[in-house]
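**Q** Kindly generate the corresponding structure for this input.
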Amino acid sequence: MRKKGFLIATSAGFAAAAVPGAQAADMPIKAPRYVEPAPIWAGWYIGAHAGGAWQQTQANSSDGYCVGCTFSKSGFIGGGQIGYNWQHGNFVFGLEGDISGLSGKNSFNAAGYSVLSSHIRWLSTVRGRFGLAVGDTMAYATAGVAIGGVRSDYRFDGGSYTVASANKTRVGWTVGGGVEHMLNRNWTIGLEGLFVDLGKTTISGFSKTTRFSNQAVIGRVKLNYKF
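**A** Residues are numbered from 1 along each chain as shown. Okay, the predicted model is just below:
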């Protein structure tokens, strides 16, 4: 009888110990917490931009009607861009090329008789970019080469008689910076400011020579699709 009672008690103990184990096996395993991957800026992108351009010109004419004359005009700028980014940690390096059309003819009436005008009609830049990305936002500096089509004119008799004019492609430089924000995996939006200097244009006619400087300050909004 004692052996039988001992066996029954031992079996009951094993059964009681097995029940919590079975319950534990049935408990669901908690999944690890999902961690959002860090935004990736590297790769190709293409996009469009639009904004405002403030063109500034300084002119000097040999006839004395305009010496150190400075005049400016604001207008619209719009176009497209393409680029590529490399990323190392939070640092982003890139190359970008763009082309834009500009409105707003810049003119000056000298002494009510001579009319001088200058207009950057189109502009293209090829720039390097260096940025610091914090989460899904990046601030960057940019600089490079600027190429533009400039129309320069010098007219007499209130602008009705052309003394000299020229359409020239000028090469200069540009520098600026911006902020870009990643809307999602593929789309980014940014705000960029540039200063552009296309050097000087000289036009001559009827023994008169006029020299124009060609500069612009640009502010634009950019929308990019990242591949």
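**Q** what are the bridge partners for the residue most central in space within the chain, then?
**A** The structure's the chain has its C-alpha centroid closest to residue 192; by CA atoms, centre = their mean the separation is 4.8 Å. For residue 192, the residues forming beta bridges with it (DSSP bridges) are residue 178, residue 220.
**Q** you'd agree it is up against residue 176?
**A** Yes - if you go by CB atoms under 8 Å, residue 192 and residue 176 touch, sitting 6.4 Å apart. C-beta: built from backbone N, CA, C; applies to glycine.
**Q** Now the common contact residues for these two.
**A** Common neighbours of residue 192 and residue 176 (criterion: CB atoms under 8 Å, 6 or more residues apart in numbering): 142, 218.
**Q** For the chain, just list every one of the helices.
**A** 2-26 (DSSP state H).
**Q** which stretches of it aren't confidently modelled?
**A** Applying pLDDT under 70 to the chain flags residues 1-38, 158-159.
**Q** quick one on the thing from earlier: so what's the residue nearest to the centre of the chain up against?
**A** By CB under 8 Å, 6+ apart, the contact list for residue 192 reads 49, 142, 176-178, 218-222.
**Q** Make a markdown table out of these and add distance to residue 157.
**A** Listed next are those as a markdown table, based on distance: CB to CB, whole Å:
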| residue | distance to residue 157 |
| --- | --- |
| 49 | 40 |
| 142 | 44 |
| 176 | 40 |
| 177 | 45 |
| 178 | 45 |
| 218 | 34 |
| 219 | 37 |
| 220 | 38 |
| 221 | 42 |
| 222 | 44 |
